[in-house]
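S.K.: Here is a sequence with its predicted model. Questions after.
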There are 2 protein chains.
Amino acid sequence: MPRVSTDQLAARRQHILDGARRCFAAHGYEGATVRRLEQSTGLSRGAIFHYFRDKDALFLALAEQDARRMADVVAEQGLVQVMRDLLGTARGEGTDGAAEADGASDRSWLGTRLEVSRRLRTDPDFRQRWQAHSAELTAATRERLERQAAAGALRDDVPVPVLAQYLELVLEGLVSHLAMGLPADALDGVLDLVEQSVRTLPR
Amino acid sequence: MPRVSTDQLAARRQHILDGARRCFAAHGYEGATVRRLEQSTGLSRGAIFHYFRDKDALFLALAEQDARRMADVVAEQGLVQVMRDLLGTARGEGTDGAAEADGASDRSWLGTRLEVSRRLRTDPDFRQRWQAHSAELTAATRERLERQAAAGALRDDVPVPVLAQYLELVLEGLVSHLAMGLPADALDGVLDLVEQSVRTLPR
């Protein structure tokens, strides 16, 4: 068997994650059968499960990757921007003029996020394992808010942890709303209001 | 068979609904077996299904009654008050110093609300049938906001439908948050912020 470099291993692993993400988004967690995972990755089950122990491990790796990306966007652009991206995603728009491939990956991100929400509700073991990732997002949100507060951009009559929890609650509402297939067109104004309500009050 | 008055029929029907609500809250929709429904209502299956075609019809009647009560609270006290009640409910408090029996019924209300959310996500037929009730809540929310706007109590730089959708999004986030069993203690400050953000801006 030929030696494979670490880079090649990482690339193969990422290739599987990208295919699996499309598959979970199209068919949901239950519907993403091993056969469909083979089709969407173009690899055999042997190859897939060489990298991931089972379907659950594959889903968790995917959800972790998405959570990390989300924390990155939060750190750079804030949680309201995450919500705006999510809204664009639900409408089938790419974000930041992203290419078609990226747009598709954004839409599948919503699928993963919804599955995570569903399992948080129904699976106490999963909730336990997921705590570290949700703590990461909370930390990123708080850190960004602290930086904004230091720059005088935030209202100072509400403590930062309350502002952070407020934004997370709205995010959860948005995910639910989109999950129920409710209309998304009037929500830009809502997100403007949310953004404004954490900012410095006008004098 | 003795003749039964309309009042007695209505009282019997309500007795079944109250027992069923406790049963759904304790065991969830799936876990509320006919046997458990008999125990919680103190009536035979024959008597129960004389009033309601099947378990689904019973659940729907319950959810409709709760939605109507919720619309009443919204009309009188606003959607933020509904959220405050929900929060107290999740903590196991009665609302407005209600007696123990009422407190228990409040807690079961959360159970019904969560089951409705779950089925809205997973059951397109249910979503269809439920639309009238969610429209009722939206109408009650908008009407109250319109009245408040006319009284000069609301900010006037954001249209009322946007404010209404904002409040509904936060409510959905709150339901999700509580459904995941996440901590509820820091949320009073969040609801204060939500209430404040729809009010007239301070000058």
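M.R.: In hand now; what should we look at? Numbers count the residues shown, from 1 in each chain, chains lettered A, B, ... in the order given.
S.K.: buried sites along the strand or helix carrying A:Ala25?
M.R.: Here A:Ala25 sits within helix A:6-31, counting by DSSP states H and E. Residues A:Arg12, A:Ile16, A:Leu17, A:Asp18, A:Gly19, A:Ala20, A:Arg21, A:Arg22, A:Cys23, A:Phe24, A:Ala25, A:Tyr29 are the ones in helix A:6-31 that count as buried (16 or more other C-beta atoms under 10 Å in any protein chain shown). All C-beta spots, glycine's among them, are computed from the backbone N, C-alpha and C.
S.K.: can you pull out the helices in chain A?
M.R.: With DSSP state H as the criterion, chain A has helices at A:6-31, A:34-41, A:45-51, A:55-77, A:79-90, A:100-122, A:124-150, A:160-179, A:187-198.
S.K.: What degree of burial does A:Ala139 show, as a neighbour count?
M.R.: Counted by other C-beta atoms under 10 Å in any protein chain shown, the residues lying close to A:Ala139 total 14.
S.K.: Need the pLDDT of the residue nearest to A:Asp72 when sequence neighbours are not counted.
M.R.: Closest residue to A:Asp72 apart from its sequence neighbours, by C-beta to C-beta, 6 or more residues apart in numbering or on different chains: A:Ala140 at 7.8 Å. Turning to A:Ala140, the model gives it a pLDDT of 92.
S.K.: residue contacts, A:Ala140?
M.R.: By C-beta atoms under 8 Å, 6 or more residues apart in numbering or on different chains, A:Ala140 lies in contact with A:Ala71, A:Asp72, A:Val74, A:Ala75.
S.K.: Quick check, the last one in contact with A:Glu143.
M.R.: The one in question is A:Ala75. Yes. Between A:Ala75 and A:Glu143 there is a contact under C-beta atoms under 8 Å: 6.8 Å.
S.K.: how far away is A:Phe77 from A:Ala71?
M.R.: Slight slip there: residue A:77 is Gln, not Phe. The gap separating A:Gln77 from A:Ala71 is 11 Å, by C-beta to C-beta, to the nearest Å.
S.K.: Mind checking which of the two has more residues around it?
M.R.: Set side by side, A:Gln77 and A:Ala71 show more neighbours around A:Ala71, with 21 against 13, by other C-beta under 10 Å.
S.K.: returning to that earlier point: B:Gln65: which of the helices of chain A is closest?
M.R.: Taking C-beta to C-beta, helix A:160-179 is the member of the helices of chain A nearest to B:Gln65, at 22.7 Å.
S.K.: follow-up on the earlier one: if you average the pLDDT over the helix holding A:Ala25, what comes out?
M.R.: Rounded mean pLDDT across helix A:6-31 is 89.
S.K.: Does chain B have contacts with it?
M.R.: No. Figure legend: helix A:6-31 not in contact with chain B (C-beta under 8 Å from any C-beta of the partner chain); closest approach 10.2 Å.
S.K.: if we can go back for a sec, which of the helices of chain A sits closest to B:Gln128?
M.R.: Closest among these, using C-beta to C-beta: helix A:160-179, at 16.3 Å.
S.K.: any bit of the closest one sitting next to chain B?
M.R.: Yes. Using C-beta under 8 Å from any C-beta, helix A:160-179 reaches chain B at A:161-163, A:165-166, A:168-177, A:179.
S.K.: about what we covered before: make JSON lines out of the contacts of A:Ala140 and add pLDDT.
M.R.: Formatted as JSON lines, those follow (pLDDT from 0 to 100):
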{"residue": "A:Ala71", "pLDDT": "89"}
{"residue": "A:Asp72", "pLDDT": "90"}
{"residue": "A:Val74", "pLDDT": "91"}
{"residue": "A:Ala75", "pLDDT": "90"}
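S.K.: Out of the residues you listed, which comes closest to B:Asp157?
M.R.: Of the contacts of A:Ala140, the one sitting nearest to B:Asp157 (C-beta to C-beta) turns out to be A:Val74, at 27.3 Å.
S.K.: and chain A, which residues reach chain B?
M.R.: Proximity of chain A to chain B, by C-beta under 8 Å from any C-beta, involves residues A:117-118, A:120-121, A:127, A:158-159, A:161-163, A:165-166, A:168-177, A:179-181, A:186-187, A:189-190, A:193-194, A:196-197, A:201-202.
S.K.: Put the buried members of the residues you listed into a ChimeraX selection.
M.R.: Filtering those down to the buried ones (16+ other C-beta under 10 Å) takes a single ChimeraX command:
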select /A:117,118,120,121,127,158,161,162,163,165,166,168,169,170,171,172,173,174,175,176,177,179,180,187,189,190,193,194,196,197
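S.K.: where does chain A have its least confident helix or strand?
M.R.: helix A:100-122 (a mean of 63; mean pLDDT, DSSP states H and E).
S.K.: closest point of chain A to chain B, which residue?
M.R.: Here chain A gets closest to chain B at one residue, A:Gly173, 2.9 Å apart by C-beta to the nearest C-beta.
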